[in-house]
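> missing the sequence, but the structure's below:
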């Protein structure tokens, strides 16, 4: 999930809480998004205006390691805590 850096801190905390405990779910800021929050999976994106949109949780449940995943169970490790611009 990516979010606009102008998103309120409380909403960012909610996104991070959704990712806690999910080995295959990442949350990061990204400039220039078409909406405040964009959830992405292989070849699928969902643009959202609010973190409390019920479609966000449905997207996570369906697409994390979902049918579109080319390598189910592949490691999602090795990321960094910073973006390089």
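Done, it's in. Treat the numbers as computed from the prediction; the structure is a model and nothing was measured.

> From here on, just use CA atoms for contacts and neighbour counts.
Fine.

> which parts of stretch 35-45 are buried?
Buried residues in stretch 35-45, counted by 16 or more other C-alpha atoms under 10 Å: 36-41.

> Okay, and which of the residues you listed map to strands?
Secondary structure from DSSP state E places 37-41 of these in strands.

> quick check, nearest of the buried residues of stretch 35-45 to residue 23?
Of all those, residue 23 sits closest to residue 41, with 14.0 Å by C-alpha to C-alpha.

> any idea how far residue 13 is from the closest one?
Applying C-alpha to C-alpha, to the nearest Å, the value for residue 41 to residue 13 is 21 Å.

> Same question for residue 1.
Applying C-alpha to C-alpha, the value for residue 1 to residue 13 is 13 Å.

> next one: residue 25
For residue 25 relative to residue 13 (C-alpha to C-alpha), the value is 14 Å.

> These two - which one has more neighbours?
Using other C-alpha atoms under 10 Å, the more surrounded residue of residue 25 and residue 13 is residue 25, with 18 against 12.

> Which residue, other than its chain neighbours, is closest to the more buried one?
residue 19 (5.5 Å; C-alpha to C-alpha, 6 or more residues apart in numbering).

> Next, the contact list for that neighbour, please.
Shown in contact with residue 19 (C-alpha atoms under 8 Å, 6 or more residues apart in numbering): 25-27.

> of those, closest to residue 63?
Looking across the contacts of residue 19 and measuring by C-alpha to C-alpha, the closest to residue 63 is residue 25, at 10.1 Å.

> Now do the same for residue 21: its pLDDT.
In the predicted model, residue 21 carries a pLDDT score of 78.

> ok, it - contacts?
By C-alpha under 8 Å, 6+ apart, no residues touch residue 21.

> quick one: it and residue 31, what's the gap?
Noted for residue 21: a distance of 26 Å to residue 31, by C-alpha to C-alpha.

> who's in contact with residue 34?
By C-alpha under 8 Å, 6+ apart, the contact set of residue 34 is residue 47.

> Helix, strand or coil: sort out it for me.
Classification of residue 34 using DSSP: H, G, I helix; E, B strand; the rest coil returns coil.

> any chance you could map the strands in the chain?
Ranges of strands within the chain are 2-3, 28-29, 37-41, 44-48, based on DSSP E.
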